[in-house]
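Student: Generate a structure from the sequence data that follows.
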Amino acid sequence: MKRIILVTILPIALLFSFCGKKADRQGIDLRLTLTPDSVTDSLYLKMDYEFKTANDFKKLTRDYDVFVHFWRVNSKEMLLQDDHVLEKKTSAWGPNEDLKYSRVLFITQFLNEFDVDFEGSEEVKLTVGLYDLKATDKEKPLALFEKKLNIQPASFNAPEIVYDEGWNGLETDVNAKDLFHRSWRWTMAKSVCIIENPKKECTLIIKGGVNKSILSDQKITLKINDSLLEEFVPAEPHFSKEYTISPEQMGAGDEFFLRFETDKVFVPAKTFAGNNDSRELGMQVFFIYFREKLK
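Tutor: A predicted model of the protein is given here:
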């Protein structure tokens, strides 16, 4: 499942020119389907694209890329974008064609439901179309799709994840280049998350890390309840794992346990001279994503 968020800085004229007078679609129609229907933050969103050309399609002499922009309506800020290159160049398009593909992107957590001014959701405008990076400021991109989305906090419908036994406190690095590595918790030798059971097939994504300079062959064991999910020695300091979890694995209860175990731990105070950190450290957990599986 390809997950890409491209952050391309485009000329201001290009970013805003499609917001004015409706452009000539040149015989091109774009149908865009979002899954899930209820969009929240902290969500992997599947976008199914279908470009159709009509009988009166006007042949394009240039090769255009696709712009996909999510704008925060109130602040007029770009929330995220997923600009990308088409597999079939637009200069090769002809009449009565049907081009379909899907992409998945991640909407970061950006809503603060504890803010006194937060009203329960935020309106975001999605705009999609074709553009040419070599175009002049006077040449408008071809706007094909626009929709306003009412985005709610993930907590409204995502299964709750509780960090229960065996966890050290939350740590942060706001300057980390990878948005998934800006906060983390260290496990101990055995750590447990309690997760609300949706009793539906779900996707579990874990982004973690180990200190290979200290524990080069540290083994990690992941379990759902008491059943083994995977046992592995990470090849690199940072790793990402994705699993499909069935209702049978989660069991019949209202909650289930996600267990993290490591065969080795270290204590910084005993490992590094002059260090006073006496915590037992197993592995880092940067990110846990658990939501209903995208269809």
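Student: Point out where the stretch 51-200 of the chain drops to low pLDDT.
Tutor: Scanning the stretch 51-200 of the chain for pLDDT under 70 picks out the ranges 137-138.
Student: mind listing the helices in it by residue range?
Tutor: Here the stretch 51-200 of the chain has no helices by DSSP state H, counting those that start in this stretch.
Student: all strands in it, in order from the N-terminus.
Tutor: 65-72, 77-81, 98-107, 122-131, 142-151, 161-163, 171-172, 183-186, 190-196 (DSSP state E, counting those that start in this stretch).
Student: who wins for proximity to Ser278 among those strands?
Tutor: For Ser278, the closest of these is strand 183-186, at 12.6 Å, according to CB to CB. In this view, the C-beta of every residue, glycine as well, is placed from N, C-alpha and C.
Student: The residue nearest to the spatial centre of the chain pairs with what?
Tutor: Closest to where the C-alpha atoms of the chain average out (CA atoms, centre = their mean) is Phe106, at 2.0 Å. Beta-bridge pairing of Phe106 under DSSP bridges involves Tyr44.
Student: For it, give its distance to Leu294.
Tutor: Counting by CB to CB, to the nearest Å, the separation of Phe106 from Leu294 is 12 Å.
Student: Now the common contact residues for those two.
Tutor: Taking CB atoms under 8 Å, 6 or more residues apart in numbering as the contact rule, Phe106 and Leu294 both touch Tyr44.
Student: neighbours around Ile107, how many?
Tutor: Applying other CB atoms under 10 Å, we find 21 residues neighbouring Ile107.
Student: Asp178 versus that one, what's the distance?
Tutor: Per CB to CB, Ile107 is found 16 Å from Asp178.
Student: cool, Phe145 as well?
Tutor: Counting by CB to CB, the gap from Phe145 to Asp178 is 30 Å.
Student: Can you pick out the residue with more neighbours from those two?
Tutor: Here Phe145 and Asp178 are compared on neighbour count by other CB under 10 Å; more neighbours surround Phe145, at 14 against 11.
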